[in-house]
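Colleague: have a look; sequence and predicted model below, questions after that.
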Amino acid sequence: MATVRSIRASRVKPVSLHTHAMDNLRLIRETMERAGSFTAVPGWGGVAVGASALCAALAASRQPTLERWLLVWLIEAALALVLAVLAIKAKAAAARGPLFSAPARRFILSFAPPLFVGILLTAVLYRAGLPAVIPGAWLLLYGTGVVTGGAFSVRVVPVMGLCFMLLGAVALFCPFAWSAAFLAAGFGGLHIVFGIVIARRYGG
């Protein structure tokens, strides 16, 4: 005699429509994040960094010793870092996006190593008595970081990095007396020009 099974008992419990929709949205969001670009590069923040660099170039050019010259630029580097972080945070908040998205983390991991090398190289060049090489090394390595990090950002960012690298390559073969002009043109002028471009094209 055949066994009669209850249709109700054999029916699989359906997945909640809400749960299924949330899983799909999570997958879409993660896919877009992996493929996305770091768009929180601050345009107006770059302008602020450039303005502070122009002031630093002027102040450094008036210092009587190499040690005090270096001190001015170390203070400027710390100030620029603070300005950049605040500007990135503000732009990310205005766009209602995550501050440390996957593209942002890739940008930082690509941008940071050349800067670390620049710190070490500055100490080596100072101890070796080669101050004339320091400005070019700074510009070249900073530009390298911008190019590598810019691969995960908007297209204009790596272009800015290439301009820094070109300026740094020229500065390597010029006397230390020209350092103020090169550093002002790079950290001041390029930041201001490209900062305005980024601000107008990519929302601040």
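Modeller: Yes, it's here.
Colleague: now the nearest residue to Val47 once chain neighbours are set aside: phi and psi?
Modeller: Distance criterion Cβ to Cβ, 6 or more residues apart in numbering; nearest residue to Val47, sequence neighbours excluded, is Gly195 at 3.9 Å. Quick note: C-beta positions are derived from backbone N, CA and C, even for glycine. Note on Gly195: its backbone torsions stand at phi -60, psi -40 [degrees, to the nearest 10].
Colleague: now Gly195: how far from Trp44?
Modeller: Gly195 sits 6 Å away from Trp44, going by Cβ to Cβ, to the nearest Å.
Colleague: so who does the residue nearest to Val47 touch?
Modeller: 42-50 (Cβ atoms under 8 Å, 6 or more residues apart in numbering).
Colleague: ok, then the element right after whichever helix or strand Ala137 is part of?
Modeller: Assigned by DSSP states H and E, Ala137 belongs to helix 134-150. Heading C-terminal from helix 134-150, the first helix or strand you meet, by DSSP H and E, is helix 156-171.
Colleague: show residues contacting the following helix or strand past that following helix.
Modeller: The helix or strand immediately downstream of helix 156-171 is helix 179-183, counting by DSSP H and E. By Cβ under 8 Å, 6+ apart, the residues outside helix 179-183 that reach it are 53, 56-58, 60-61, 73, 132, 134-136, 138-139, 167-168, 170-171, 174.
Colleague: if we use 10 Å, what do you get?
Modeller: By Cβ atoms under 10 Å, 6 or more residues apart in numbering, the residues outside helix 179-183 that reach it are 53-54, 56-62, 69, 73, 76, 131-132, 134-136, 138-139, 167-168, 170-172, 174, 189.
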